[in-house]
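[1] need a structure here:
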Amino acid sequence: MASAPNAILCLSGYNPRAVVALCREAAARGWPLYLAARGTKDPIFRTTHAERVLVTRGTEALTLQALLGWIATLRQQHGHQRVMIAPSCEFLNRLLLRERAALEAAGAVVPLVDEALYARISDKHSFGAMCQAHGLAVPEELPAPPASYPFVAKPLRYAGADGRQLKPHLILGPNERTRFEREERAADFYFQVFAEGRSLYLLAHLGRDGRTLVSSQENLLQQTDGGSIILARRSDFHHSAEAARYLAMLRAEGFHGLIMVELRQDLDSGRCVMIEANPRMWGPMQFALDNGLDLFGGLWRDAFGTEPSPRPATPAPGGGAYYFWSGGLVPASQPYAFHQYEAARLLDEHAAIAACDLFDREDTRALHHDELSPTP
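    The predicted model follows:
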């Protein structure tokens with residue numbers, strides 16, 4: 001790659017759908033982007049973006065020393081002055097914030113808010129409290145796991161008392177309750193009523209300069225246990241007064257950067273409750289990009305203080321009508337969760353949906369084939 005003052009470093013192997021979206025954006029706009037691959041089996045090696053791999057990590061452990069070494073290579077051997085580390089996944093972001101001073105002294109750019117605010121938004125319980133303080137609703141909290149089903153167990157913080165990363169549990173019945181009690185410490189969690197209704201994502205980049213890029217999607221099909229979104233369509237929720245209240249809250253709290261806020265909307269009243277927020281890159285980012293939302297341009301502008309090169313006016317596959325990740329339709333992801341949608345409609349609309357497939361594109365054709373034909 002030709003020398004340029006600014007470059008991006010991204011860890012791949014985690015959140016691969018978002019990483020591929022960033023790779024496509026960099027390719028279209030001529031951005032210097034380098035990848036630190038997660039071993040030789042990283043999915044990125046089954047894409048045309050494998051040429052961007054700077055280093056293939058021999059261990060999944062990530063250290064400050066490794067990051068500093070990669071930044072030094074990009075500065076000394078490739079001639080870049082500043083290197084933005086893409087906020088691609090949660091464990092990386094937490095490390096970047098802990099080691100921010102050393103990284104920035106070495107020429108890195110960490111495109112995140114300060115550590116305390118990041119934790120307040122990323123940790124589910126504290127973000128719920130923030131929303132309530134601004135008059136935004138969250139699901140009813142329960143003092144203890146109820147006898148009836150369903151209900152939700154959410155981690156109070158990113159990590160439990162043993163340091164292990166915690167994830168929410170959807171408790172649908174006795175089997176899920178037994179698994180939760182066997183695997184988790186109840187003291188690390190809080191409990192909420194399960195929220196019914198329409199599943200929405202509010203998607204945004206809040207720029208340091210006051211610019212706001214925002215869109216939304218309605219989720220239709222999801223992997224089991226609150227897993228990854230498989231199918232979504234456009235929504236106009238971001239034009240609503242409710243969406244504006246979330247954006248105003250984030251601005252008032254001093255937030256900037258990428259964020260996805262998940263909500264449930266009651267079908268009768270239209271009332272929304274906040275489920276969680278992810279202040280980082282998220283899986284279905286390609287859908288927002290396909291519909292013209294310049295999320296990575298906002299990230300570039302914040303990181304480097306310069307206007308990014310323009311996005312090419314390239315038609316999105318299928319017109320960007322749907323987000324569809326066919327590779328998410330695997331046995332381990334069942335039973336799938338349908339949100340105001342049903343299997344019969346998926347079959348009826350399959351041709352239009354398949355035209356928007358995330359990985360059934362030239363740069364990721366081999367990865368698409370592998371996901372649909374996994375090796376036993």
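[2] Going by C-alpha atoms from here, please, whenever you check contacts or count neighbours.
    Noted.
[3] residues touching residue 310, list them.
    residue 29 (CA atoms under 8 Å, 6 or more residues apart in numbering).
[4] quick check, it in a strand?
    No. The assignment for residue 310 is coil, going by DSSP: H, G, I helix; E, B strand; the rest coil, so no strand is present there.
[5] ok, residue 187 to residue 52 distance?
    Taking CA to CA, to the nearest Å as the measure, residue 187 falls 44 Å from residue 52.
[6] Neighbour count: these two, which is higher?
    Counting neighbours by other CA atoms under 10 Å for residue 187 and for residue 52 shows that residue 52 has the greater number, 20 against 10.
[7] Find me whatever residue is spatially closest to that one, sequence neighbours aside.
    Counting by CA to CA, 6 or more residues apart in numbering, residue 34 is the residue found nearest to residue 52 once chain neighbours are left out, at 5.1 Å.
[8] per-residue confidence for the one you found?
    Confidence at residue 34, expressed as pLDDT, is 98.
[9] next one: whichever strand or helix holds it to chain centre, how far?
    If you go by DSSP states H and E, residue 34 is part of strand 33-37. Centroid separation for strand 33-37 versus its chain: 18 Å, with CA atoms, centre = their mean, to the nearest Å.
[10] Not counting its own residues, what contacts it?
    Residues outside strand 33-37 that contact it (CA under 8 Å, 6+ apart): 7-13, 23, 26, 44, 52-57.
[11] Partner strands of it and their direction?
    Here strand 33-37 is paired, per DSSP bridges, with strand 6-11 (parallel), strand 53-56 (parallel).
[12] quick one: what helix or strand has residue 335 in it?
    Short version: residue 335 belongs to no helix or strand, going by DSSP H and E.
[13] Next one: the residue lying closest to it once chain neighbours are set aside relative to residue 170, how far apart?
    Nearest non-adjacent residue to residue 335, counting by CA to CA, 6+ apart: residue 224, 5.5 Å away. Separation of residue 224 from residue 170 (CA to CA) stands at 9 Å.
[14] likewise residue 131?
    22 Å.
[15] With residue 43 instead?
    Distance, residue 43 to residue 170, using CA to CA: 29 Å.
[16] Show me where the stretch 51-200 of the chain has its helices.
    All helices of the stretch 51-200 of the chain, identified by DSSP state H, counting those that start in this stretch, fall at 64-76, 90-98, 100-105, 115-122, 124-133, 174-183.
[17] Mind putting those helices into a markdown table with mean neighbour count and mean pLDDT?
    As requested, those are arranged in a markdown table below (neighbours: other CA atoms under 10 Å; pLDDT from 0 to 100):
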| stretch | mean neighbour count | mean pLDDT |
| --- | --- | --- |
| helix 64-76 | 17 | 97 |
| helix 90-98 | 18 | 96 |
| helix 100-105 | 16 | 98 |
| helix 115-122 | 17 | 98 |
| helix 124-133 | 18 | 98 |
| helix 174-183 | 12 | 95 |
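[18] pLDDT below threshold where in the chain?
    1-2, 374-376 (pLDDT under 70).
[19] Mind splitting it into its structural domains?
    For the chain, automatic domain parsing gives the domain ranges 6-110, 140-193, 198-372.
[20] Residue 127: which of those domains is closest?
    In terms of CA to CA, the element of those nearest to residue 127 is domain 198-372, at 7.5 Å.
[21] center of the chain - which residue?
    With distances taken as CA atoms, centre = their mean, the residue of the chain nearest its centroid is residue 282 (1.5 Å).
[22] Which residues are in contact with residue 3?
    78, 79, 80.
[23] Please name the nearest non-neighbouring residue to the first one.
    Leaving out its chain neighbours, the residue that sits closest to residue 78 by CA to CA, 6+ apart is residue 3, at 6.0 Å.
[24] just the second one next, same as before
    For residue 79, ignoring the flanking residues on the chain, the nearest one in space by CA to CA, 6+ apart is residue 3 at 5.4 Å.
[25] Make sure I have this right: the one you found is in a strand.
    No. With three-state DSSP as the criterion, residue 3 is coil rather than part of a strand.
[26] Against residue 171, how distant is the residue located most distally from the centre of the chain?
    Distance from the centre of the chain peaks at residue 147, with 33.1 Å (CA atoms, centre = their mean). Going from residue 147 to residue 171 by CA to CA gives 11 Å.
[27] Alright, I will stop here.
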